[in-house]
Structures are given as structure tokens and as C-alpha cells.
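In: coordinates for the following, if possible.
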Amino acid sequence: MTLSKNLNFSFKSDLSELIHSSTNQRTGEIRLGEIIHSDWKTPHSKYVLIGISECIGPQANFGRTGSEKAFDAFLHAFCNLQWNNSIHKESIAYLGRISSTTTFTTIEDAKIGVNELDDFVVDLLTPIIESGKIPIVIGGGHNNAFPLIEVLAKNFNKISVINMDAHADCRALEGRHSGNSFSYAIEKKMISNYGVFGLHKAYLNQSMIDYLESNSIKFEYFDNYILGNKNFIEDIQKFINSIQSDEKLGIELDLDCISNFPSSAMNPIGFTISDARNYLALCAQYSNVGYYNLTEAAIIEKGDERIVGKVLAQLTYDILTEFNY
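Out: Numbering: from 1, shown residues only. Next up, the predicted model:
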């Protein structure tokens with residue numbers, strides 16, 4: 001086990017016991033829990049799963065807890081999915097799981113903790129990115145977008161990021177939390193292009209709108225999609241087509257944009273799970289993907305674990321099969 005600088009976070013690389021206990025084996029079948037492995041350095045390991053079990057990012061942004069439980073729910077559901085020949089047996093590796101070891105009691109303490117977590121994530125993911133693998137980050141808050149972008153920016157000249165989200169996460173630079181990953185990345189000139197689609201205008205203050213417009217951020221409101229004024233698929237395709245082929249693309253999916261989905265900022269108004277799958281399928285067509293970040297799913301009420309686990313497992317399965325259906 002590895003600990004972060006101030007001991008507030010731990011990293012466990014060996015998840016074999018958890019994977020084994022989560023996998024229900026059956027004669028004549030092969031489950032994904034039976035083929036996922038920890039040797040991500042092998043040539044065939046294209047995708048590397050990383051779990052982040054924390055909620056301090058959302059807490060520092062005045063959000064709810066629960067995102068720290070998403071990865072374990074995912075892993076149980078994912079391990080029991082069936083293997084078939086749409087997935088190369090050696091392509092799925094895992095790095096391990098980052099977990100909080102401390103309960104933060106104030107907003108300011110949580111912000112300091114997010115900074116520590118940022119550095120920890122960068123240190124752990126740097127060798128993955130340097131090796132040319134594609135990390136799939138599951139769990140935790142949207143604060144983890146910033147260290148993902150930072151790792152890419154350290155290794156590549158141009159970075160673009162696309163985000164399916166109800167919120168732009170470009171809040172003021174007031175200390176790190178889940179609501180300002182992209183404004184911090186833009187301030188540090190890490191991103192060439194940022195596109196965020198599905199924003200809920202009722203939750204977007206005027207300062208944020210001014211910020212998006214003044215920084216030439218490509219964005220569209222969910223309201224315009226449901227009213228038929230804009231087409232979501234066309235907007236995603238247009239953004240992807242605008243990226244130069246030498247740019248790495250970070251793919252962000254904030255689960256709070258899905259209607260009634262258990263998340264840190266759950267909303268009864270939003271996209272469908274099928275919309276999210278279509279979004280990922282379009283993004284996966286880009287030939288230079290840097291990472292996937294499936295974030296903000298949160299287990300808060302009874303029954304949430306099953307929903308969160310199954311949806312995150314399906315979205316990850318889509319990525320691993322490269323939508324070869």
C-alpha cells in the first residue's frame with residue numbers, strides 16, 4: 001500500500017481478493033473478473049482501470065457524499081459481465097484503487113485535501129500515460145479531471161477535453177474542489193479546447209456564462225436539446241471533428257447529467273443512459289484518446305448501489321469493446 005504526502009489517501013495495487021470475491025464463476029462461462037489482470041505493462045493491455053474512492057471533491061464544492069462508494073459497486077457488477085470475443089482477453093488491466101483515509105470536517109480542509117489528491121493521482125497515473133495506455137478512471141468527484149488533464153499536459157503538446165455534464169465546472173479559483181477542475185486547467189493553459197454539452201442553464205450563474213464565452217469554450221444547454229433547437233449528437237460530432245489529429249482528447253462523463261441517476265448532484269431532469277452511451281461511442285471514434293473519466297456517481301440511498309454498479313459497468317464494457325456490437 002502507498003500513501004499520499006500527508007497520509008490522507010492510500011493506494012492499493014492488489015485488488016485480486018476483491019475481484020475474486022466479487023466474481024460469481026459458472027461452468028462454461030468466462031466472466032470479466034476472471035480475465036482482468038494487474039500487469040498493465042503487457043503489450044496487449046490497452047486499457048487500464050483505476051478506481052478512486054473519495055468524496056472530498058464534492059464536499060469541498062458543497063455537494064453530497066457517496067462518490068467514494070461508486071468504484072466498489074462498479075467492480076462487483078463489472079466482474080460478473082460475460083467475456084466474449086468482442087474483447088481481447090489480455091486488453092483489460094487494472095492499476096488499483098485510491099481511497100480516502102481521512103474524514104474532512106471543514107470546507108477549507110477538504111480543499112487542501114483535494115490538492116493533495118491531485119498530486120497523488122498525477123504521480124500514480126504518469127507511468128500509465130507515458131506508456132501509451134488509456135486509463136479509465138471510475139468513481140470519486142469531478143475534481144479528478146484536473147490531475148488527469150495535468151498528466152496529459154506534461155506528456156503532450158496539445159490537449160482537448162470534451163465533457164457531457166450538467167455543470168461546466170469552471171467555478172472561481174478559490175481552492176480546489178469538484179467544481180473548478182476545468183477553470184484551473186484553463187488558467188494553467190493546459191487545455192487547447194474545452195467543450196461541455198448538456199449544461200442546465202438554471203444552475204449556471206451569469207459569471208460562469210461570461211467566463212465560458214470570454215474563454216471561447218464550446219458549450220450548449222440541455223434545454224436547447226429537449227426543445228429541439230439544437231442536436232446533441234451533431235454538437236459532439238462537430239467538436240470532435242474540430243480537434244487536430246495530434247491533440248490528445250480527454251473524455252469526461254459526469255453521471256449527474258443523467259436523469260434521476262444516483263450522483264453527487266442528482267437531478268430528475270437530464271439525459272438518458274442511452275444518450276451517455278451514444279456520447280461515448282462518438283468520442284471513441286477519435287483516434288487519439290487520452291483518457292476516460294466516469295465520475296460523480298454516488299451511492300446515497302438504498303438501491304443506489306445496484307444502479308450505479310450496473311450503469312458504470314455497461315459504460316466501461318462499451319469502451320472496452322470499442323462499441324463493436
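In: mind jotting down where the strands sit in the stretch 1-150 of the chain?
Out: Applying DSSP state E, counting those that start in this stretch to the stretch 1-150 of the chain gives strands spanning 2-3, 9-12, 47-53, 92-100, 134-138.
In: could you identify which of those is most buried?
Out: strand 47-53 (a mean of 24; mean count of other CB atoms under 10 Å). (Glycine included, C-beta is placed from N, CA and C.)
In: which strands or helices does it pack on?
Out: Here strand 47-53 touches helix 70-79, strand 92-100, helix 107-130, strand 134-138, helix 304-321, going by 3 or more CB pairs under 8 Å, 6 or more residues apart in numbering; DSSP states H and E.
In: could you give the mean pLDDT of stretch 163-170?
Out: The average pLDDT for stretch 163-170 rounds to 97.
In: poorly predicted segments of the stretch 1-150 of the chain, please.
Out: Applying pLDDT under 70 to the stretch 1-150 of the chain flags no residue at all.
In: out of the helices and strands packed on strand 47-53, which is closest to Glu220?
Out: helix 304-321 (21.6 Å; CB to CB).
In: quick one: residues in contact with the closest one.
Out: For helix 304-321, the surrounding residues in contact (CB atoms under 8 Å, 6 or more residues apart in numbering) are 32, 47, 49, 66, 69-70, 73-78, 81, 86-87, 91-92, 136, 138, 253, 255, 258, 261-262, 273, 276-277, 280-281, 284, 292, 294, 297-299.
In: now it: buried residues?
Out: Buried residues in helix 304-321, counted by 16 or more other CB atoms under 10 Å: 304-305, 307-313, 315-320.
In: ok, Asn80 - how many residues close by?
Out: Using other CB atoms under 10 Å, Asn80 has 19 neighbouring residues.
In: indicate which one of the helices and strands packed on strand 47-53 is closest to Gly175.
Out: Ranked by CB to CB, the member of the helices and strands packed on strand 47-53 that lies closest to Gly175 is helix 107-130, at 3.6 Å.
In: which helices and strands sit right next to the closest one?
Out: Against helix 107-130 (3+ CB pairs under 8 Å, 6+ apart) you get strand 9-12, strand 47-53, helix 56-60, strand 92-100, strand 134-138, helix 145-155.
In: in the stretch 201-325 of the chain, which spans are helices?
Out: 206-214, 222-226, 232-242, 273-284, 304-321 (DSSP state H, counting those that start in this stretch).
In: can I get those in a markdown table including distance to Met266 and mean pLDDT?
Out: What follows is the helices of the stretch 201-325 of the chain, written out as a markdown table (distance: least, CB to CB, whole Å; pLDDT from 0 to 100):
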| stretch | distance to Met266 | mean pLDDT |
| --- | --- | --- |
| helix 206-214 | 20 | 96 |
| helix 222-226 | 15 | 97 |
| helix 232-242 | 20 | 97 |
| helix 273-284 | 14 | 97 |
| helix 304-321 | 9 | 97 |
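In: quick one: closest of those helices to Phe182.
Out: helix 206-214 (9.9 Å).
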